[in-house]
Structures are given as C-alpha cells and as structure tokens.
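S.K.: One predicted model, sequence on top.
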Amino acid sequence: MKIGRRAGADRLVAIVGHRFNKPVLLDEALTHPSAAPRDPAARRGYERLEFLGDRVLGLVVAELLWQRFPKDDEGALTRRHVALVRRETLAAVARQVCLGDFLVVSSGEEMAGVRANASVLADVCEAVIAALYLDGGLAAARRFIERYWAPYFAAPRPPRDPKTALQEWAQARGFALPTYTVVDTSGPPHRRRFTVAVEVAGAEAETASGASKREAETLAAAALLAALGQIA
C-alpha cells in the first residue's frame, strides 16, 4: 500500500516520534534511488543517509547493551549487538512501522514490489535513523531505536546467528553439517538477488532470498530452525 505524503504526514511523525525542522531530511531518507532526480543539487535517494544511519544505530545499540547487561562479557555483548543491528532486524522494524508505505519509488520499482524488499526496507530504516540524528541529534535517534528495538533487547540470553544455531543443532545430534546451495540468482549485476536452499539431517529443505549469499543463507537457516521447532 502506498500512502499519500500529505495524508500520511501526521502518521509518519507519530511513527518516528519526531517533528522535523528540516523535512527534506526525512524526504531523502524515504526516497528510493530509482526515484531520485539525476540533478545532484536536487533531493537524493537514501543511500548516503543509510551509510550514516548504520553507524548511529551501532553506537546507540552498543551503549544500550553496555548499560542493560552489566554481567555480560565482551563476547556476549558482541553477539547481542550483531543480532540487533543485522539487516533482518532492521527489515523487521521497518515492516512493523510500515516504512515501505511511505517510500517514494519509480513506477518500474513499484511494479517489481520494492516496497516489500527486505534489503531495501533495512536500508530505509537506517536512513530514517540518520535523518533523525541530523535533525534532532542523538537523542532523537535514540528514542526511535529504544522504542522499536525494545523487544529485541528483551532476549534473556545472547542470541546466536541462525547459521551457527543450525550447525550446533546438527552437531548435537550427530548429523552432518547443513549444506547450502544457491538455487537461483536474479536481478542486474548491481542489485543481485540470491536464493539459497539449506538442508540438514534429511529434513525438508528451506529456501530464502537475499541481497547477498550470506543474507540468503542466514534467512534460510532461520526458516529451517523454525521448521524444526528451534529458536536461534
């Protein structure tokens, strides 16, 4: 679903928890590169903001983890941090707050379903964090992160990477290690999509797609863990 920019303005303010002094920053964060004008002086796409947002998210999450888990050692904090800043988490947050509905895209990308693309949603989420940081300082970005990352901070123990969890599940039962196979590659060279299948212990294979082989493998492992009744 696409939301009109004016009609959705109040809803967007409620979502991000901040009324922008420079709305152009939020506009840029929600503009897909396909819809950005070629004129460098005009509004750009979200890619530059994404770069900054990644660093802001990493810093805020690191500080919050340091404060909230005083008994965790460096290794445990690192595992928590990786889980909280990975693209799957970003995409999940973006879906939760419906950022895709506000994304400005070209007609071609609209037809291709870019609003539901996990990689794009993760990028947009990082860009929005950067826009909040630039307009309202670290406090504005932190409020957004604390609000929407709260369920992920609540894990009682440091989460494991799905690939690691699946490997440990197989080893604990004396099974061979999981095997990952690229079953499809699509898209132009600059925006490849990989589909990977994972198998273990004779269980029915699970497949998933991602912007990289690693992302696809991670998502496939998570899907197989879920099918096996396990939690990473």
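M.R.: Here it is on my side, so go on. All values derive from a computational prediction rather than experimental measurement.
S.K.: in the protein, which residue is closest to the centre?
M.R.: By Cα atoms, centre = their mean, the mean C-alpha position of the chain lies nearest to residue 90, the distance being 2.5 Å.
S.K.: So the spatially most distant residue from the centre of the chain, which state does it fall into?
M.R.: Farthest-out residue of the chain from its mean C-alpha position, per Cα atoms, centre = their mean: residue 174, at 33.6 Å. Following DSSP: H, G, I helix; E, B strand; the rest coil, we place residue 174 in the coil state.
S.K.: Next one: it, what pLDDT does it get?
M.R.: With respect to pLDDT, residue 174 has a value of 91.
S.K.: Quickly note the distance from it to residue 224.
M.R.: Per Cβ to Cβ, to the nearest Å, residue 174 is found 18 Å from residue 224. Using the backbone N, CA and C atoms, a C-beta is placed for each residue, glycine as well.
S.K.: Then residue 29?
M.R.: Taking Cβ to Cβ, one finds residue 29 at 34 Å from residue 224.
S.K.: Would you mark the buried spots in stretch 112-120?
M.R.: For stretch 112-120, the buried set under the neighbour-count rule, 16 or more other Cβ atoms under 10 Å, comprises 114, 115, 117, 118, 119, 120.
S.K.: oh, I was asking about stretch 174-193
M.R.: Buried, per 16+ other Cβ under 10 Å, within stretch 174-193: 178, 180, 193.
S.K.: Go through these and name the one nearest residue 21.
M.R.: The closest of the buried residues of stretch 174-193 to residue 21 turns out to be residue 193 (Cβ to Cβ; 37.7 Å).
S.K.: That closest one and residue 209 touch, don't they?
M.R.: Yes - if you go by Cβ atoms under 8 Å, residue 193 and residue 209 touch, sitting 5.6 Å apart.
S.K.: next helix or strand past the helix or strand of the chain with the lowest mean pLDDT?
M.R.: Ranked by mean pLDDT, DSSP states H and E, the helix or strand of the chain with the weakest confidence is helix 107-111, at a mean of 80. Using DSSP states H and E, the helix or strand that follows helix 107-111 in sequence is helix 118-148.
S.K.: Give me the contact list for the helix or strand following that next one.
M.R.: Downstream of helix 118-148, the first helix or strand assigned by DSSP H and E is helix 150-153. Helix 150-153 has contacts (Cβ atoms under 8 Å, 6 or more residues apart in numbering) with 64, 65, 68, 83, 84, 89.
S.K.: let's see it at 7 Å
M.R.: 64, 68, 83, 84, 89 (Cβ atoms under 7 Å, 6 or more residues apart in numbering).
S.K.: Just flag the most distant two among those residues.
M.R.: Spatial extent of the contacts of helix 150-153 (Cβ to Cβ) is set by the pair 68 and 89 at 16.3 Å.
S.K.: Which one of those two is surrounded by more residues?
M.R.: Remark: of residue 68 and residue 89, residue 89 carries more neighbours, 21 against 12, as counted by other Cβ atoms under 10 Å.
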